[in-house]
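> Sequence and predicted structure below; questions after.
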Amino acid sequence: MNNSNRKTKDIRLKKSLGQNFLQDQNIINKIIAVANVNNQEHVIEIGPGAGALTEFLIQDAGRLTCIEIDQRLITNLNNLYGDQEKFKLINEDFLNIQNEDLNFEDRVNNKVVANLPYYITTPIITKILLRMENISEIYVMVQKEVAQRITSEHGNKAYNSLSVFCQTLCETKYEFTVSKESFKPVPKVDSAIISLKRRSDVKIDIYKYEKFVQNCFKQKRKTLVNNLQTAYKLDKETIIKFLNDNDLQANVRAEQISIDKFAQIYNNFLLIIK
């Protein structure tokens, strides 16, 4: 057990905040190796908790900004790292954080390295990808099922709107599985580490694209024709012709369409809804 875990042994964890503290030093070492932080980078850690990752990130990063919602953990983190100039601690919900709070610098690579609470994993990742373009790399621990979803290929059961959105904007990779036994208290499911590296060649309006993709998957058991017809109030014949013009069958479902194809049909769909 590292020092930060000893400092918080008397803190009662809050289920409402999805708190499960990482205890396995081997897993911590693997996360640090995958993130590959260097002293020219700014690292943002969301939910440092007891500081299991913080202890190692602060050694390697040029700057480390930690965002912790739980006021009870702030004193402990400040006692451990507050005297280091490169350390900044913000007591706030990450979903309320603005870009200016993170003091991004030009020509500095910004990475997120974090063990995310299960209950807000998708909102956090979506916020970073939509609103924080300065963050180019994300290395996060999430529920295993969510990791599989984000990295899934088309045609797989796990493939959904989050898969398409993340993979359109980033190169995604399922790095490794983390047993639930690595945490205290032990959660009900296993976790996984995934990486998302932002693509530089994305030329679409990502806000409108995200909404389009969500509409395509709105009711997963329905065909793309039905979902698009409901979302955009177009007649069925127009949508079928659109799909045929884009080399897709009238009965195609969203989970059958590849990432590259989604970007293509989105751009072409704009032409018929103007």
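Structure received. These numbers were taken from a predicted model, which means no experiment stands behind them.
> Going by C-alpha atoms from here, please, whenever you check contacts or count neighbours.
OK.
> can you pull out the helices in the stretch 1-150 of the chain?
Per DSSP state H, counting those that start in this stretch, the stretch 1-150 of the chain carries helices over the ranges 3-7, 25-35, 54-60, 71-81, 121-131, 144-151.
> Using a markdown table, lay out those helices together with distance to V186 and mean pLDDT.
Conversion of the helices of the stretch 1-150 of the chain to a markdown table gives the following (distance: least, C-alpha to C-alpha, whole Å; pLDDT from 0 to 100):
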| stretch | distance to V186 | mean pLDDT |
| --- | --- | --- |
| helix 3-7 | 15 | 43 |
| helix 25-35 | 15 | 96 |
| helix 54-60 | 21 | 96 |
| helix 71-81 | 20 | 92 |
| helix 121-131 | 18 | 97 |
| helix 144-151 | 14 | 97 |
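> looking at these, which is buried most?
Most buried of these by mean neighbour count (mean count of other C-alpha atoms under 10 Å) is helix 144-151; its value is a mean of 21.
> what about the stretch 151-274 of the chain, any weak spots by pLDDT?
Where the stretch 151-274 of the chain drops to pLDDT under 70, the residues are 274.
> at 50 what do you get?
Within the stretch 151-274 of the chain, no stretch falls below the threshold (pLDDT under 50).
> ok, which stretches of it are strands?
Using DSSP state E, counting those that start in this stretch, the strands of the stretch 151-274 of the chain run over 170-178, 183-184, 191-198.
> S258 is nearest to which of these?
strand 170-178 (14.2 Å; C-alpha to C-alpha).
> angle of that closest one against helix 25-35?
Angle of strand 170-178 versus helix 25-35, following axes from the mean of the first three to the mean of the last three C-alpha atoms, to 10 degrees, is 170 degrees.
> quick revisit: would you list the helices of the stretch 1-150 of the chain in CSV and tack on distance to H42?
Converted to CSV, these look like this (distance: least, C-alpha to C-alpha, whole Å):
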stretch, distance to H42
helix 3-7, 22
helix 25-35, 12
helix 54-60, 10
helix 71-81, 16
helix 121-131, 15
helix 144-151, 24
